[in-house]
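Asker: fold the following, please.
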Amino acid sequence: MSEIEYYYSANSAYAYLGSRRFMEIADAAGRTIAHKPFDLRASLNAVGSQPFNERTEKHMEYFFVRELERWSEYRSAPILKQYPTHHDNALTPSNTMLVAGLVKGLNIDRLAHAMMEQHWAHDCDLADNKTLATIARSVDIDPVSLVAISDSKEVLQIYAANTQKAIEMSVFGSPTYVVDGDMFYGQDHLEMVERALVQPFIQRIPS
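Answerer: Got it, this is the predicted structure:
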């Protein structure tokens, strides 16, 4: 079964909003999801995207308030009425726990969604290992073995490789989906991802 590459950060609002729909699309197409948790902040800096703290108030109000409200309603994915309290905390603990799950051979679809949902709908701190353990248990995953290797050399190397690959591909946001080499940025492109899985888009302009 061929894969859909899925570049995202566990704290990403838009990855959360598209998460359930993406998994439905992948399942319907008979595709597995190749999870690629990566350091979103490092990637944004490396590919030249404007840092969040340098964006205008109007931009942030539109993209991270009004757009979130609309997509939350459209996707039936509840979100907080305010920005998550712990959103600026470290990305590594949650992302490397997901990588650890992959190393252990687990299907982490539900774990990834649960992390995002707990952060954006319930204001959970994804930098806190106790919180992450509770989230893992909520989807019937034993967190002990994952926490034990989350900061291991193997896991950190995979996380770094995901980030480097994202930079090389100019992945400038989360989520980004790659279908048979064709990259789609943003959960608002999921309908195009769905179409590409059935009928690939023609590339008329040479790359």
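Asker: distance of the residue most central in space within the chain from residue 126?
Answerer: Centroid-nearest residue in the chain, with CA atoms, centre = their mean: residue 8, separated by 2.7 Å. Counting by CB to CB, to the nearest Å, the separation of residue 8 from residue 126 is 13 Å. Yep, even glycine has a C-beta here, placed from its N, CA and C like the rest.
Asker: just residue 75 next, same as before
Answerer: Residue 75 is 20 Å from residue 126, by CB to CB.
Asker: now swap in residue 183 and tell me
Answerer: When distance is defined by CB to CB, residue 183 is 26 Å away from residue 126.
Asker: of these two, give the one with the bigger neighbour count.
Answerer: residue 126 (26 against 14; other CB atoms under 10 Å).
Asker: show me where the chain has its strands.
Answerer: For the chain, strands defined by DSSP state E occupy the ranges 3-8, 32-37, 176-179, 182-185.
Asker: of all these, which one is nearest residue 150?
Answerer: strand 32-37 (11.3 Å; CB to CB).
Asker: adjacent strands (with direction) for the closest one?
Answerer: If you go by DSSP bridges, strand 32-37 pairs up with strand 3-8 (parallel).
Asker: can you list the strands of the chain in a markdown table and add mean pLDDT?
Answerer: Shown next, in a markdown table, are the strands of the chain (pLDDT from 0 to 100):
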| stretch | mean pLDDT |
| --- | --- |
| strand 3-8 | 98 |
| strand 32-37 | 98 |
| strand 176-179 | 98 |
| strand 182-185 | 97 |
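Asker: got those strands as CSV, with distance to residue 167 columns?
Answerer: Conversion of those to CSV gives the following (distance: least, CB to CB, whole Å):
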stretch, distance to residue 167
strand 3-8, 11
strand 32-37, 12
strand 176-179, 12
strand 182-185, 13
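Asker: surely residue 49 and residue 171 touch.
Answerer: No: with contact defined as CB atoms under 8 Å, residue 49 does not count as touching residue 171 (9.9 Å).
Asker: who has more neighbours, the two?
Answerer: residue 171 (27 against 16).
Asker: which other residues reach stretch 43-54?
Answerer: 60, 163, 166, 167, 170, 171, 172, 173 (CB atoms under 8 Å, 6 or more residues apart in numbering).
Asker: any buried residues in it, and which?
Answerer: 43, 44, 46, 49 (16 or more other CB atoms under 10 Å).
Asker: what's the burial count for residue 113?
Answerer: Neighbour tally, residue 113, other CB under 10 Å: 19.
Asker: run through the chain and note the low-pLDDT ranges.
Answerer: Applying pLDDT under 70 to the chain flags residues 1, 207.
Asker: and with 80 instead?
Answerer: For the chain, the stretches with pLDDT under 80 are 1, 48-53, 204-207.
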